[in-house]
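[1] Starting from these lines, generate the structure:
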Amino acid sequence: MGASLAGAAIGGVLAWLGAWVSPRWTTRPRGAWEWALCTVLGAALGYGFGRGPAGLGPEFLRLAVLSAVVITASLVDLHDRIIPNELLLAAAALWLVLQVADPAGWLQALAGGAFGFGVLFLLGMLFRGGMGMGDVKMAGVVGLYLGWPAALAALLAAFVAGGLVSLALLALRRVGRKDQIAFGPFLAAGAIVAALGTPGIAWLSVGVAGP
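    Numbers count the residues shown, from 1 in each chain. Purely as a prediction, here's the structure:
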């Protein structure tokens, strides 16, 4: 239980920090409920990651940082339709530090980053205006943190979620066929789904991990 609660505290603080710095990239101030939502979501994910058999080890830190990054990116993207380069560069730098501290899995991480970046870059080239470079770079960062093949799972989940929500909004006539919808939140959702499916994370193997 100690690792779970510590994980919740770390995850909540990281997500709160993300919400705290997010106004530098947006044109409107954050509402108190947005700060609270980001913090609660980060804490919930941190709690789940902390329940893994490895406890608060390198895998936990990597996933907790990734969660805070994608939550922050989603918040900014929903407000101003951008995903800040500063945020993604900071995330890439943190990934490098974490990877140096835990040198296993370099090839998988680089393969995941190349896959995430490459797939969305190709889609952006094939369908002009359909995918922004912020989305492309965010997919690359998500791939770095998750590695291969979890990066594939993240993108599949993002496209499925994005497609379903888009169809629902079209059916409700909330958007038109030519309207653009922020893809950052769907990338974030896909990353979180893939992270929860990472081996050793207790939310998908409650019977294996202890409290």
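
[2] all contacts plus neighbour counts: C-alpha atoms, from now on.
    OK.

[3] Does the helix or strand hosting residue 34 pack against any helices or strands, and if so which?
    In this structure, residue 34 sits in helix 32-50 according to DSSP states H and E. Judged by 3 or more C-alpha pairs under 8 Å, 6 or more residues apart in numbering; DSSP states H and E, helix 32-50 is in contact with helix 2-21, helix 58-80.

[4] For the first one, the averaged confidence score.
    Taken as a whole, helix 2-21 carries a mean pLDDT of 89.

[5] Equivalent analysis for the last one, please.
    Confidence over helix 58-80 (mean pLDDT, whole number) is 92.

[6] Counting by contacts, list what that helix packs against.
    Helices and strands touching helix 58-80, as assessed by 3+ C-alpha pairs under 8 Å, 6+ apart, comprise helix 2-21, helix 32-50, helix 85-101, helix 133-146, helix 184-196.

[7] Present the ones you listed as TSV; the columns should include distance to residue 79.
    Formatted as TSV, the helices and strands packed on helix 58-80 follow (distance: least, C-alpha to C-alpha, whole Å):
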stretch	distance to residue 79
helix 2-21	12
helix 32-50	11
helix 85-101	15
helix 133-146	14
helix 184-196	11
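
[8] on that earlier part again, same list (the helices and strands packed on helix 32-50) but as TSV, adding distance to residue 96 and mean neighbour count.
    Output for the helices and strands packed on helix 32-50, formatted as TSV (distance: least, C-alpha to C-alpha, whole Å; neighbours: other C-alpha atoms under 10 Å):
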stretch	distance to residue 96	mean neighbour count
helix 2-21	18	22
helix 58-80	10	23
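
[9] Of the ones you listed, which is nearest residue 140?
    Nearest of those to residue 140, taken as C-alpha to C-alpha: helix 58-80 at 12.0 Å.
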